[in-house]
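In: just need the structure, nothing else, for what follows:
(one chain, ligands or ions: 1)
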Amino acid sequence: MLSPKIESALNKQVELEAASSQYYLSMASWAETQGLNGAAQFLYKHSDEERTHMLKLLQFVNERGGHGIIPALKQPSAKFKSIQAIFEQILEHEIMVSEEINRLVDICLKDKDYTTHNFLQWYVSEQIEEEKLARQILDKLKLIGGEKGGLYLFDRDLQSFDTGGQEKK
Ligand code: FEO
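Out: The predicted structure is shown next:
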């Protein structure tokens, strides 16, 4: 059974994952309007992933005798400066999500809720992958600089980039 404190903290995380999904969806839509179809596909997939993160948490809350709450969300920005700016924002956002997950883990330890602590380990590993992926993509963008031909190839490559952090063979 979840304590009210842990239930409320988990529901906050539900909201953060849902907001991440909306945020990346907005980035995907912007990229599509810029002709960056590879980046758009990557970001649509990433948005879907965040929704599964949200769902997993929501269902865990319900399974543990709590009530997963569907949050109201603020409209994310619709305009972005560049594809580089998007991935910088993703990295910054994921670092913040990692901090929130760590905070949750800490609350569970203090509350001696080892079941939720165990459940959250999946998120701890996932955050390592998410940050790594954003850094890898930013490194690629740095190599390209402002070069158009490079950006074209980068965009094409992103289509085959797995949002789980592995490049498909
Ligand atoms: Fe579900 Fe990107 O954190």
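In: buried set for stretch 71-91?
Out: Residues 83-84, 86-87, 89-91 are the ones in stretch 71-91 that count as buried (16 or more other C-beta atoms under 10 Å). C-beta coordinates here come from the backbone N, C-alpha and C atoms, glycine included.
In: what about residue 67, neighbour count?
Out: 10 (other C-beta atoms under 10 Å).
In: can you say which helix or strand has the residue nearest to it when sequence neighbours are not counted in it?
Out: Excluding its sequence neighbours, the residue lying closest to residue 67 (C-beta to C-beta, 6 or more residues apart in numbering) is residue 61, at 6.7 Å. Using DSSP states H and E, the element containing residue 61 is helix 37-63.
In: quick check, that helix touching the ligand?
Out: Yes: counting by C-beta under 6 Å from any ligand atom, the ligand has neighbours in helix 37-63: 50, 53.
In: how far away is the residue of the chain most remote from its centre from residue 83?
Out: Within the chain, residue 149 marks the point farthest from the mean C-alpha position, 28.6 Å out by C-alpha atoms, centre = their mean. From residue 149 across to residue 83, the span is 15 Å (C-beta to C-beta, to the nearest Å).
In: what's the answer for residue 145, then?
Out: The gap separating residue 145 from residue 83 is 13 Å, by C-beta to C-beta.
In: and stretch 146-163 with the ligand, contact?
Out: No: using C-beta under 6 Å from any ligand atom, stretch 146-163 stays clear of the ligand, with a minimum separation of 9.4 Å.
In: ok, and what's touching that stretch?
Out: Residues external to stretch 146-163 that are found in contact with it (C-beta atoms under 8 Å, 6 or more residues apart in numbering): 36-39, 41-42, 45-46, 49, 83, 133, 137, 140-141, 143-144, 167-168.
In: helices - which of the buried residues of stretch 71-91 land there?
Out: Among the buried residues of stretch 71-91, the subset assigned to helices under DSSP state H consists of 83-84, 86-87, 89-91.
In: tally of neighbours for the residue in the chain that the ligand sits nearest to?
Out: Evaluated by C-beta to the nearest ligand atom, the chain has residue 53 as its residue closest to the ligand, separated by 3.7 Å. For residue 53, the count of nearby residues is 22 (other C-beta under 10 Å).
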